[in-house]
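**Q** Show me the folded form of this:
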Amino acid sequence: MIVDPRIKSVVSSFLDENLLLSPDLFEGIENPLEKGFSFEGQGTRTPMVVLNRELFDILANLPPDKINWRDFDRLRVLYEKRKEMVGYLNLVEILKKQKVTTGLASQHIKPTAGQADGTEYEIKYENLFRDVVAKLEVQDFIGHLNSRYKALSEMLSARRDMQTVVSIGRLGGKKEREEVSVIGMVREKEVTMKNKHIKLTLEDPTGIISVLVNKNNQELYTQAKDLVEDEVIGVKGTTGDKIIFSNSISYPDIPLFKEVKKYNGPEEVYGIVLSDLHVGSINFLDKELEKGISWIRGELGTESQREIASKIKYIFMLGDLVDGVGVYPDQNKELTIKDIYDQYEACAGYLKDIPKDKKLIIIPGNHDAVRIEEPQPPLYDDIAASLFKLPNTLMLSNPCNVNLLSTKDFPGLDFLLYHGYSFTYYADNVESIRQKGGVDRADLIMQFLLQKRHLAPTHTSTIYNPDSKKDPLVIEKIPDFFMTGHLHKTNVSTYKNITTLSGSCWQSKTSFMEKIGIHPEPARIPVINFNTREVKIMRFGK
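**A** Sure thing, here's the model as predicted:
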């Protein structure tokens, strides 16, 4: 077989970029490069990609670094094996129309309608999403961890018990049995074979040191059992030969005397959480959601319940508005709506009935049609166009910071909104949480993360894009409310004057939930009185 030297040259140039060309690309195209495709300086970030005509059309307009290659390759394999036909085809269509989204640092907007006394309140927010770099290098991850360490070590250094911290690199000059304080990132944790003590490997930018937690110090040992890799801690103890014998462990944590803020305006103001709708699933509870929206409209409930509904100004929608396509194997069998655009269209059909004076504050989740790496950008205005057409929606990143109800005399209430994708990792891997209920105890997981001042301290607990300038998952701004979804179970608690709230869902138990151990309690709406900080739960199902 004689191969045209021009084709051989083209194939070779693409191979240099880890791209194998499918034969269908040369049907009517002498040189794919002449059709506007360019990969210069971008990189695919994948070991090897077979470039067929569908993928070629995508890459003609979308840089390779904007594609989640793991998801793409997984769906294509399922498609070729004829196990999941719709997911791959829908993803191809989405990527062909996708726009590169740039996150905003901050912005202020006003609700569409004022309060009863004529006052209008700003919604201030900070999107934590940033554009990813074109090509990730090892240095990006190093810079990301260094930026995280710097932010968290500064929080720890402000603690009274961490005032005499020394860098690990300077411990070599210390005498044995000298008292020291260090701050470091947990590189490893193991139980010693002989005595069953816990041995930590702690690292800072200057060096590495071993830390021993004696099993006979029961309180400290219990605390150390819950430590996770990559979190930043403070340790006080005495020096040994290349080791510290620990006496105490400190977290960045929330200050003990955080103020309890309550809105002090002329009228009561309420907010509610509508999390994890999963529109498009065969398990979607449409009748229950319709009942919930009827109550929000003031058409259902007792007189006092309808009065509360009239005072709702903010509705937090904390991800997974739709069930998505190709999120898990064989999901197509559990969908009533198999097109992602149609799913968002159906979702908007429900939300349009919510009165326009109630602001819908929306973040994405892992089932929504945005990149899964955190922070996730706001929903895309082309895929979820029907939602953008609603006059009362505000699309934000996951996670994000929001400030509501600020006035000349009141700083407003601060909210940390996070879908909660990392939660199942800590439910499974932190012993005290696992023993007390795991995924059913969102309050314990949220308290744990507030103590660590990070939404996903362990490298493998979520999928993220490293940012060498700033780790956006560090909890820098202390919220008044920490609100999440994902676990499909309402849970309300308080930690150091922070209200922690996990939303319900509008989907009955799926095969995937059963597989990962989620026990949903659907069709419940948490109702928050911002004047009193009291939270009540409205039920619209069994």
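**Q** C-alpha only now, for contacts and for neighbours.
**A** Fine.
**Q** Can you tell me what sits against the longest strand belonging to the chain?
**A** Ranked by residue count and defined by DSSP state E, the top strand of the chain is strand 179-191. Residues outside strand 179-191 that contact it (Cα atoms under 8 Å, 6 or more residues apart in numbering): 149, 153, 156, 162, 164-168, 197-204, 227-239.
**Q** List only buried entries from the residues you listed.
**A** Neighbour counting by 16 or more other Cα atoms under 10 Å classes 149, 153, 156, 162, 165, 167-168, 197-204, 227-239 among these as buried.
**Q** mind listing which of those are in helices?
**A** 149, 153, 156 (DSSP state H).
**Q** was I right about the last one contacting residue 234?
**A** Translated: residue 156. Yes - if you go by Cα atoms under 8 Å, residue 156 and residue 234 touch, sitting 6.7 Å apart.
**Q** domains for this structure, by residue range?
**A** 5-97, 115-133+256-539, 159-250 (automatic domain parsing).
**Q** Quick check: mean pLDDT of the last one?
**A** Right, the one you point to is domain 159-250. Per-residue pLDDT values over domain 159-250 give a mean of 92.
**Q** same check, this time on stretch 388-395
**A** Across stretch 388-395, the per-residue pLDDT values average to 95.
**Q** and it, how far out from the chain's middle?
**A** Mean-position distance between stretch 388-395 and its chain equals 21 Å (Cα atoms, centre = their mean, to the nearest Å).
**Q** what does stretch 181-199 give?
**A** Centroid separation for stretch 181-199 versus its chain: 29 Å, with Cα atoms, centre = their mean.
**Q** Show me the strands in the stretch 201-350 of the chain, by range?
**A** 207-213, 232-239, 243-250, 270-273, 312-318 (DSSP state E, counting those that start in this stretch).
**Q** Next, count neighbours for residue 328.
**A** Residue 328 has 14 neighbours, counted by other Cα atoms under 10 Å.
**Q** wait, what's in contact with it?
**A** Residue 328 makes contacts with residue 512, as judged by Cα under 8 Å, 6+ apart.
**Q** For residue 335, see how far away it is.
**A** For residue 328, the distance to residue 335 equals 12 Å [Cα to Cα, to the nearest Å].
**Q** With residue 329 instead?
**A** According to Cα to Cα, residue 329 and residue 335 sit 12 Å apart.
**Q** okay, and the common contacts of these two?
**A** Counting by Cα under 8 Å, 6+ apart, nothing touches both residue 329 and residue 335.
**Q** Look at those two and report which has more neighbours.
**A** Ranked by neighbour count (other Cα under 10 Å), residue 329 and residue 335 place residue 335 first, with 20 against 15.
**Q** Next up, the contacts around residue 538.
**A** Contacts for residue 538 (Cα under 8 Å, 6+ apart) come out as 524-527.
**Q** I'd like the ones in helices among the buried ones among the contacts of strand 179-191 as TSV, with distance to residue 128 and pLDDT appended.
**A** Supplementary listing: those in TSV, determined by distance: Cα to Cα, whole Å; pLDDT from 0 to 100:
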residue	distance to residue 128	pLDDT
149	18	94
153	21	94
156	23	93
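**Q** Dump those to TSV, plus distance to residue 258.
**A** Shown next, in TSV, are these (distance: Cα to Cα, whole Å):
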residue	distance to residue 258
149	23
153	20
156	16
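**Q** Which is the succeeding secondary structure element to the helix or strand of the chain with the lowest mean pLDDT?
**A** One helix or strand of the chain scores below all others by mean pLDDT, DSSP states H and E: strand 107-109, with a mean of 41. Using DSSP states H and E, the helix or strand that follows strand 107-109 towards the C-terminus is strand 123-127.
**Q** CA atoms of that next one as CSV?
**A** What follows is strand 123-127, C-alpha atoms only, in CSV (Å, rounded to 0.1, in the frame of the first residue of the first chain):
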residue,chain,number,x,y,z
ILE,A,123,-26.8,40.7,46.4
LYS,A,124,-23.0,40.7,46.5
TYR,A,125,-21.2,37.7,45.4
GLU,A,126,-17.8,36.3,44.6
ASN,A,127,-17.4,33.6,42.0
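**Q** Residue 433 is in what secondary structure piece?
**A** Using DSSP H and E, residue 433 sits within helix 431-435.
**Q** what does stretch 279-287 rub up against?
**A** 277-278, 321-324, 334-338, 343-344, 346-347, 506-510, 523.
**Q** Just the buried residues from the residues you listed, in ChimeraX please.
**A** To isolate the buried ones among these in ChimeraX, judged by 16+ other Cα under 10 Å, type:
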select :277,278,321,322,323,324,334,335,337,338,343,344,346,347,506,507,508,509,510,523
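**Q** now, which of the contacts of stretch 279-287 lie within helices?
**A** Of the contacts of stretch 279-287, the ones assigned to helices by DSSP H are 343-344, 346-347.
**Q** is residue 529 in a bridge, and if so with what?
**A** Beta-bridge pairing of residue 529 under DSSP bridges involves residue 270.
**Q** for residue 200, that is, sorry about that
**A** Beta-bridge partners, per DSSP bridges, of residue 200: residue 189, residue 211.
**Q** and the gap between the residue nearest to residue 447 when sequence neighbours are not counted and residue 254?
**A** The shortest distance from residue 447 to any residue other than its chain neighbours is 6.4 Å, reached at residue 495 (Cα to Cα, 6 or more residues apart in numbering). Residue 495 sits 9 Å away from residue 254 when distances are taken as Cα to Cα.
**Q** got it, and residue 211?
**A** For residue 211, the distance to residue 254 (Cα to Cα) stands at 24 Å.
**Q** Alpha carbons of stretch 466-485, in CSV - could you do that?
**A** What follows is stretch 466-485, C-alpha atoms only, in CSV (Å, rounded to 0.1, in the frame of the first residue of the first chain):
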residue,chain,number,x,y,z
PRO,A,466,-4.7,23.5,40.4
ASP,A,467,-4.3,27.3,40.7
SER,A,468,-0.8,28.3,41.6
LYS,A,469,-1.9,31.8,42.6
LYS,A,470,-4.7,30.9,45.1
ASP,A,471,-6.4,27.7,46.2
PRO,A,472,-10.1,28.7,45.8
LEU,A,473,-11.3,25.8,48.0
VAL,A,474,-9.7,27.4,51.1
ILE,A,475,-12.4,28.8,53.3
GLU,A,476,-10.9,32.3,53.7
LYS,A,477,-14.1,34.2,54.4
ILE,A,478,-15.9,33.0,57.5
PRO,A,479,-19.6,32.6,56.6
ASP,A,480,-22.7,33.0,58.7
PHE,A,481,-24.3,30.1,56.8
PHE,A,482,-22.5,27.1,55.2
MET,A,483,-25.1,25.6,52.8
THR,A,484,-24.7,22.5,50.6
GLY,A,485,-26.6,19.7,48.7
